[in-house]
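[1] Requesting a structural model of the entry that follows:
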Amino acid sequence: MKVIAFNGSARSGGNTALMIKTVFEELEKEGIETEMIEFSGKTIKGCTACGYCSKEKKCIIKDELNEWAEKIGNADGMILGSPTYFADMTPETKAFIDRVGRLCRINGYIKHKVGASIVAVRRAGAINAFDSMNHFFQINEAFLAGSTYWNIGFGLNKGDFLNDEEGITTMKNLGKNIAWFLKNLKH
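    Residues are numbered from 1 along each chain as shown. Alright, predicted model coming up:
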């Protein structure tokens, strides 16, 4: 089994990445393979509404998105992480969702698989970002994994999440819940 995560942060190795890694630790304890793709340093263009994907089942824009969509299709679960920018996800995360979401719907890449959203936040706005990201999973017929609190963690500066005890517990429990979900879906 494998879970792929997409880190929508512009900051490589920041709080969003630390949150994902905390979930991954629990998944790896259960023998589940993990892979994180960070958007940092990448340019993710928004959808051009050209309709190419509807005919060809892939995106016409020449970047890594088609490869990422196939990775989603080959995984058993997916995590989508983003820091909070003005009470929502990053623009890169939104562009990713707009484009890969269509490919997932057309190709059934995430249908009946486990999905989870993770949001890093300095102070407020995380619930709106969390809700927006969860819509991606819901419209693609994925099963949402939850935790003992909403999947959010607090921190502004790189590494601040490591001081958020409740956030760490939430991410660990999310990892355990994703593992349980995946193992029970296989039966």
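
[2] Please count neighbours and contacts with C-alpha atoms only from this point.
    Noted.

[3] could you pull out the strands for this protein?
    Taking DSSP state E to define them, one finds strands in the chain at 2-7, 33-38, 77-83, 114-121, 143-144, 152-154.

[4] Please name the strands paired to the fourth one in the sheet, noting orientation.
    Strand 114-121 sits in its sheet next to strand 77-83 (parallel), strand 143-144 (parallel), strand 152-154 (parallel), going by DSSP bridges.

[5] Leu162 - how many residues pack around it?
    Other residues near Leu162 come to 16 when the count uses other CA atoms under 10 Å.

[6] any idea how far it is from Thr34?
    21 Å (CA to CA, to the nearest Å).

[7] Now do the residue sitting furthest away from the middle of the chain against Ile139, distance only.
    For the chain, the largest distance from the centre (CA atoms, centre = their mean) belongs to Lys55, which lies 26.4 Å off. Distance of Lys55 to Ile139, computed by CA to CA: 20 Å.

[8] Could you do Glu165 as well?
    Relative to Ile139, and taking CA to CA, Glu165 is found at 32 Å.

[9] Same question for Gly81.
    For Gly81, the distance to Ile139 - CA to CA - is 18 Å.

[10] Compare the two and say which one has the larger neighbour count.
    Gly81 (29 against 14).

[11] ok, and the closest non-adjacent residue to His112?
    The shortest distance from His112 to any non-neighbouring residue, by CA to CA, 6 or more residues apart in numbering, is to Ala142 (4.9 Å).

[12] And Lys176, by the same measure?
    According to CA to CA, 6+ apart, the nearest residue to Lys176 is Glu26 (5.8 Å).

[13] So the one you found is in contact with Ile178, correct?
    No: applying CA atoms under 8 Å as the test, Glu26 and Ile178 come out as separate, 9.1 Å apart.

[14] As CSV, the strands paired with strand 114-121 with distance to Ser117 and mean pLDDT would be great.
    Formatted as CSV, the strands paired with strand 114-121 follow (distance: least, CA to CA, whole Å; pLDDT from 0 to 100):
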stretch, distance to Ser117, mean pLDDT
strand 77-83, 5, 98
strand 143-144, 8, 97
strand 152-154, 9, 97
